[in-house]
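[1] sequence first, predicted coordinates after that:
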Amino acid sequence: MPTNLWNPEQLLKTSGSYWMGCTLHASVKLEIYSLIGETEKTVSQISTLINADTDATTRLLDALVAMGLLTKKKNRYANTPESAIFLQKSSPKYIGYMIMHHHHLIEGWSKLDQAVTTGKSVRKSASHADDEIIRESFLMGMFNNAMNLAPLIVKQVDLSHKKHLLDLGGGPGTYGIHFCMRNQNLKATIYDLPTTQPFAEKIIERFEMKDRIIFIGGNFIKNDIPDSYDVVWLSHILHGEGPTDCEKLIAKAVSSLVSGGLILIHDFILNDTMDGPVFPALFSLNMLIGTEKGRAYSDKEIRNMMVKAGVGNIRRIKIDIPNDSSIIAGDKM
């Protein structure tokens, strides 16, 4: 953000923006939008459904009306068209899991100063932790995000002549599914931690892809990658690891490719001076807070890792997507 936009008003607006965020988080956690559904409900009805104090519920609902997430007419509350689409669990465009993932990150972000002074993570548990609620929010949040981005990405990445895709660290497998939907001759293997398997299999079954997509459980940092492929997709994997493990991971991915195979790296990529764009720069702080060695990487750093692994014809695939992520592609030499 250009410095000439910073003034006391903007600084204080940014400083207090978590108020709106926390209000949104609470409403999603309490499933307000799903409970209201397509109807109108009174405060009494809603407070009973969420087992909450009536006055406090009124304050929350009125704040949501002020934010434009609910409407109010004669003391009855209803969803707006937008909240019905994005915040009701029954909607295919529901993004509540990602919102809850953000909620679980708040405590760590409140200790950013501690993370900076120590250089160490301050989060109590990882996204793949034993806590099923945290793990579900993370994995299904990744699904929420990918469901919005994958349809845009697969149109710009030509896999029409590819036969077998490895979705490395693919979580619920959303990208593998969309690449297969786009390319009828393509099959996919999702390789991720065993704890991810129930979520992935549920999504694969939802899209009726059980005959073309399989899941293999394993630790891709510690273990070898089974089988061989003609395309490997790494989406938002590198930022969770330090430089040494990223080099090893890219080398493993490339070694699993047939000669001339394609590697695609999708991530929040910094410019070569490491000071932008804004979201990748902030995301690198998120990795400081929550991981031992994770961080965002620059275009130059990723290209150097790919060259070291034996990749040529490295190019940036320019795609206009809303979260500042981008793709670097290359071919195994």
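    Happy to help now that I have it.

[2] wasn't W233 part of a helix?
    No: looking at W233 with DSSP: H, G, I helix; E, B strand; the rest coil, it is strand, so not inside a helix.

[3] now do it against T195, distance only.
    20 Å (C-beta to C-beta, to the nearest Å). For the C-beta atoms, the positions are set from N, CA and C on the backbone; glycine is no exception.

[4] same drill for these two, tell me which one is more crowded.
    W233 (27 against 14; other C-beta atoms under 10 Å).

[5] which residues touch the more buried one?
    Going by C-beta atoms under 8 Å, 6 or more residues apart in numbering, W233 touches L165, L166, D167, L168, G170, Y175, G176, F179, L264, H266.

[6] now I214
    A188, T189, I190.

[7] and with 10 Å instead?
    Neighbouring residues of I214 by C-beta atoms under 10 Å, 6 or more residues apart in numbering: G173, G176, K187, A188, T189, I190, Y191, A200, E201, I204, D227.

[8] now the fifth one: phi and psi?
    Its backbone dihedrals place T189 at phi -120, psi 130, with angles given as degrees, to the nearest 10.

[9] and it, bridged to which residues?
    L166, I214 (DSSP bridges).

[10] care to break this structure down by domain?
    3-94, 108-332 (automatic domain parsing).

[11] how about those domains in TSV, adding distance to H101 and mean pLDDT?
    Formatted as TSV, the entries for those read as follows, by distance: least, C-beta to C-beta, whole Å; pLDDT from 0 to 100:
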stretch	distance to H101	mean pLDDT
domain 3-94	10	96
domain 108-332	4	93
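
[12] which one of the ones you listed lies nearest to M100?
    Closest of these to M100 is domain 108-332, at 4.1 Å (criterion: C-beta to C-beta).

[13] and that closest one, how far out from the chain middle?
    Distance of domain 108-332 from the chain centroid (C-alpha atoms, centre = their mean, to the nearest Å) equals 10 Å.

[14] ok, stretch 49-58 next?
    The answer for stretch 49-58 is 32 Å, by C-alpha atoms, centre = their mean.

[15] name the residues that touch it?
    27, 29-32, 34-36, 41, 43-48, 59-60, 75, 77.

[16] and with 8 Å instead?
    Counting by C-beta under 8 Å, 6+ apart, L30, E31, I32, L35, K41, V43, S44, I46, S47 sit against stretch 49-58.

[17] select, from these, the two members most distant in space.
    Taking C-beta to C-beta as the measure, those span a maximum distance of 17.2 Å, between E31 and S44.

[18] more neighbours: which of those two?
    Each of E31 and S44 has its neighbours counted (other C-beta under 10 Å); E31 has more, 15 against 12.

[19] in contact with the more buried one, which residues?
    Residues in contact with E31 (C-beta under 8 Å, 6+ apart) are I50, K89.

[20] quick check: the gap between it and I106.
    Distance from E31 to I106, by C-beta to C-beta: 19 Å.

[21] give the contact list for F199.
    Contacts of F199 by C-beta under 8 Å, 6+ apart are E136, L139, M140, F143, G171, P172.

[22] count the residues that sit near N7.
    N7 has 9 nearby residues by other C-beta under 10 Å.

[23] next: L264.
    Neighbour tally, L264, other C-beta under 10 Å: 21.

[24] in contact with it, which residues?
    L264 neighbours (C-beta under 8 Å, 6+ apart): V157, V231, V232, W233, L234, I317, I327, I328, A329.

[25] rerun that using 7 Å as the cut-off
    By C-beta atoms under 7 Å, 6 or more residues apart in numbering, the residues touching L264 are V157, V231, W233, L234, I327, A329.

[26] quick one: which of these is nearest A115?
    L234 (25.6 Å).

[27] that closest one contacts L168, doesn't it?
    Yes: judged on C-beta atoms under 7 Å, L234 makes contact with L168 at a distance of 5.2 Å.

[28] who touches both of the two?
    A253.

[29] counting neighbours, what do you get for K41?
    The burial count for K41: 19, using other C-beta under 10 Å.

[30] please report how far it lies from L49.
    8 Å.

[31] which residues are in contact with each of the two?
    Counting by C-beta under 7 Å, 6+ apart, nothing touches both K41 and L49.

[32] which non-adjacent residue is nearest K252?
    Nearest residue to K252, sequence neighbours excluded (C-beta to C-beta, 6 or more residues apart in numbering): I225, at 5.3 Å.

[33] residue boundaries of the helices in this protein?
    With helices called from DSSP state H, the chain shows them at 8-15, 18-29, 32-36, 43-49, 54-66, 81-86, 96-109, 112-118, 132-154, 174-182, 197-206, 243-255, 278-290, 299-308.
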